[in-house]
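A.B. asks: here's my sequence, what's the structure:
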Amino acid sequence: MNANGVMTVNVDGREVAVTCIHVGVDLPRLNEVFTSDPFTSEVQYWKSKFPNKVVISGIDRLERLKGIPLKLMAIDKFMQENPQWHGKVVFPFIGITAAERGQDYRQTLHDVNIFVNQINEKYKETSNGPVIYFAEKNDREIRLSHRLAYFAAADVLLMTATRDGLNRYPMEFTLARSMHGKLVESGVIPYVPIEGAGLPSQGLIIIGEFISSARVMRGAMIVNPWRVDDVKDAIKHAIEMGPVERADRSRRNLEFSTRLTTANWAKHILYDLKSVERSDDPSANYAVGFGLQYKVMNLKAGFLPLDVQEVCKSYRNARHRLILLDWGGTLVPNVDKHDKLQAYAMATGAASREGVSQDLKHVLEILSSDPKNVVFVVSGKEVRTVTDYFGSIRGLGLAAEHGFFYLWPNNDLVPSASSDKGKWQTVMESIDDAWKASAKMVMDIFVQRTHGTYIEQKGNALIWQYSDADPEFGFLQSKELEEHLNLIMANYRVEVIRGGGVADGYIEVRPVGASKGLFLDHAISTMRASNQEADFILTIGDDNSDEPMFERISLLTQEQSSHLHAYSVTVGKKPTEAKAYLDDPAAVLELLQSISKYSQRDRKFFSVMDLPSQLPSDFSGFSTKSSKLDPAPKIGGFLRASSTSQISGLAVESLHPRPSNEHAVKAVVTSPGRPLGTLRPVASVSQISASEYLSSINETNDEGDDGIFF
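C.D. replies: Residues are numbered from 1 along each chain as shown. A predicted model of the protein is given here:
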């Protein structure tokens with residue numbers, strides 16, 4: 001329920017109102033049939049066919065879900081236990097041809113014929129004729145006019161399908177019986193009182209609880225079609241029902257049938273649509289997909305493809321960077337989401353996730369080797385699996401089970417005893433595993449009861465997967481399991497979480513509080529404690545487990561000053577708390593390769609535009625050694641001194657003569673507390689031509705000659 005008391009569900013980021021209104025009948029169209037002469041003559045035909053008997057009729061399609069054999073078994077049992085009604089009750093049934101059902105239709109028709117023949121043969125002597133009249137008709141032969149006349153001649157409607165969707169036959173029956181009463185009153189149809197039949201305008205309904213109209217026909221007798229005894233008892237009760245109860249049930253059925261017509265149903269829908277107010281949420285709806293994959297998603301305003309150029313610029317200018325990367329679905333494709341067999345094989349240990357490609361491994365090695373970076377792969381998998389795949393990458397931080405366990409890439413940053421270096425740590429106090437035995441025992445029971453389900457253990461969490469089970473039955477079983485687990489786990493510091501949808505969901509039990517958002521906070525505070533507060537944060541993920549991380553990034557950008565550049569990126573275009581998206585894992589790899597170029601460049605050469613990013617954090621500005629400087633003008637956002645000799649920390653050596661009578665300048669940057677290297681020797685442009693200058697450049701020692709290249 002939302003704030004306005006309307007039942008809603010969240011679908012792809014949109015709040016969708018759900019209204020349950022059973023569609024009614026088209027009353028004007030029915031009245032046209034009732035006032036026609038063919039209707040009256042056909043009613044008389046059916047009445048004359050079963051004179052002086054209680055008529056209990058029904059119409060069903062010839063398929064197994066309609067439960068016709070179960071209905072015939074109940075009739076057989078009724079006749080067997082109530083001999084006093086032999087010859088007084090008749091059961092005419094019409095079976096609608098369902099040739100499109102193939103073997104299902106043929107088998108159902110075969111079974112029905114056998115049952116009908118057996119019952120009629122069994123009671124033909126005591127009933128003075130057949131007990132059951134069965135006729136097969138196609139849809140053209142049982143159209144609305146024929147159907148209403150057939151219903152008008154019946155005293156009781158018996159419908160006991162084991163599964164049915166929209167079914168308006170009970171409403172048509174109720175209105176047809178009401179019209180029958182009017183025809184009797186006007187003398188068009190003669191009336192003969194019959195024991196057990198009630199008044200001409202009254203009609204009783206025995207309906208299976210799995211039929212849609214059972215929820216709205218308040219006067220109907222609702223039964224479980226699988227319980228033959230219940231159906232048998234309902235037949236007897238309908239015949240022997242007192243006049244007061246019969247009149248009350250008929251009145252309630254007629255009230256709904258006349259009130260909620262098709263027109264009124266359409267009006268209710270239009271009123272509901274009109275009552276929806278325009279949302280103030282600055283978001284937009286996007287249509288994605290084609291055919292059966294078409295859907296509309298609600299995405300927040302500003303949710304755009306990631307601006308890779310902006311990220312690279314922020315990355316280049318940052319002093320301390322924190323990068324958190326999800327594994328499955330982010331760094332590598334998540335094939336187990338689409339391949340159920342592969343998902344089961346991975347859960348049981350028979351198969352493993354796709355390994356780390358050489359390109360991915362190379363880019364992670366580059367990023368992790370940069371002293372400015374703290375890079376983590378954060379996964380929901382257990383410690384052993386994460387270590388097996390990423391443990392060989394030097395300097396890479398690892399976080400398993402959504403960040404509950406972690407291995408810091410540089411243990412000097414971790415405020416813990418030296419004996420803990422290189423060991424997995426936890427972001428919170430570990431809890432006792434005693435809860436696992438109880439949770440697994442309950443899950444095992446539901447695995448045995450629900451075909452297609454299995455238990456997956458992810459380190460410190462237990463997951464009951466029902467994605468391979470029957471969608472409806474699996475979901476119902478998951479609801480019951482969730483209730484049991486909430487009851488049993490109440491005294492433990494764990495939480496029961498429902499994930500996925502109706503057809504591909506799971507129930508997970510895990511320690512309270514463990515999330516990637518909590519781990520992000522822990523990583524930020526750890527860096528801050530080491531005087532290396534991050535001014536660049538990049539988080540990339542693809543599913544719901546990454547949302548706490550994205551939510552935390554949103555809070556950080558609101559709380560922190562403008563010096564922090566934080567990016568939350570999801571893989572795929574979908575409703576999320578992330579601010580931007582990349583299309584697929586291949587795009588993630590391209591992004592990492594783009595920013596890794598700046599890490600490689602850190603160990604080579606820089607332009608003068610990179611000078612501000614290379615200054616130490618405690619640098620207070622430029623100063624003079626002796627003479628007073630003129631105000632330094634700003635050019636392009638950077639300071640420019642009047643001459644090189646005026647900049648404190650730049651010791652200009654004397655000009656060195658070269659063999660070719662050239663001059664070179666070599667300066668050493670000696671800013672307080674942090675030498676940054678030397679300026680690369682370059683021939684004076686005033687002494688040589690451009691072609692001579694280019695030919696004189698020697699790049700053989702580029703790798704070890706870091707500095708600022710002018």
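A.B. asks: which residue, other than its chain neighbours, is closest to residue 99?
C.D. replies: The shortest distance from residue 99 to any non-neighbouring residue, by Cβ to Cβ, 6 or more residues apart in numbering, is to residue 105 (5.9 Å). Placement of C-beta: from N, CA and C, glycine included.
A.B. asks: okay, now the nearest residue to residue 139 once chain neighbours are set aside: neighbour count?
C.D. replies: Take residue 139 and drop its neighbours on the chain: the residue closest to it by Cβ to Cβ, 6+ apart is residue 96, 6.3 Å away. Other residues near residue 96 come to 17 when the count uses other Cβ atoms under 10 Å.
A.B. asks: quick check: phi and psi at residue 96.
C.D. replies: Per-residue torsions, residue 96: phi -90, psi 130 (degrees, to the nearest 10).
A.B. asks: re the thing from before, in the host helix or strand of the residue nearest to residue 99, what's buried?
C.D. replies: Element membership for residue 105, per DSSP states H and E: helix 103-127. For helix 103-127, the neighbour count (16 or more other Cβ atoms under 10 Å) marks 105, 108-109, 112, 115-116, 119-120, 123, 127 as buried.
A.B. asks: mind checking pLDDT for the residue nearest to residue 99?
C.D. replies: For residue 105, the pLDDT comes out at 93.
A.B. asks: any idea which of the buried residues of helix 103-127 is closest to residue 329?
C.D. replies: Closest approach between the buried residues of helix 103-127 and residue 329, by Cβ to Cβ: residue 105, at 44.4 Å.
A.B. asks: who's in contact with the closest one?
C.D. replies: For residue 105, the contact set (Cβ atoms under 8 Å, 6 or more residues apart in numbering) comprises 62-63, 97-99.
A.B. asks: give me the buried subset of those.
C.D. replies: 62-63, 97-98.
A.B. asks: most widely separated two among the residues you listed?
C.D. replies: Going by Cβ to Cβ, the pair spanning these furthest: 63 and 97, at 10.3 Å.
A.B. asks: take the buried ones among the contacts of residue 105 and write them to JSON lines, including secondary structure.
C.D. replies: Formatted as JSON lines, the buried ones among the contacts of residue 105 follow (DSSP: H, G, I helix; E, B strand; the rest coil):
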{"residue": "62", "secondary structure": "coil"}
{"residue": "63", "secondary structure": "coil"}
{"residue": "97", "secondary structure": "coil"}
{"residue": "98", "secondary structure": "coil"}
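A.B. asks: can you name the element that comes right after the helix holding residue 105?
C.D. replies: Following helix 103-127 toward the C-terminus (DSSP H and E): strand 132-137.
A.B. asks: so what touches that next one?
C.D. replies: Outside of strand 132-137, the residues within contact range by Cβ under 8 Å, 6+ apart are 50, 62, 72, 75, 90-97, 109, 112-113, 116, 119-120.
A.B. asks: check which helix or strand covers the closest residue to residue 427 other than its chain neighbours.
C.D. replies: Take residue 427 and drop its neighbours on the chain: the residue closest to it by Cβ to Cβ, 6+ apart is residue 522, 4.6 Å away. Assessed by DSSP H and E, residue 522 sits inside helix 516-529.
A.B. asks: from the chain's centroid, how far away is that helix?
C.D. replies: Put simply, helix 516-529 sits 28 Å off its chain's centre (Cα atoms, centre = their mean, to the nearest Å).
A.B. asks: give me the buried positions along it.
C.D. replies: Quick answer for helix 516-529 (16+ other Cβ under 10 Å): 516-524, 526-527.
A.B. asks: TSV for these, including pLDDT and distance to residue 249?
C.D. replies: Shown next, in TSV, are those (pLDDT from 0 to 100; distance: Cβ to Cβ, whole Å):
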residue	pLDDT	distance to residue 249
516	90	58
517	90	57
518	90	59
519	92	62
520	93	63
521	92	63
522	92	66
523	92	68
524	92	68
526	91	72
527	91	74
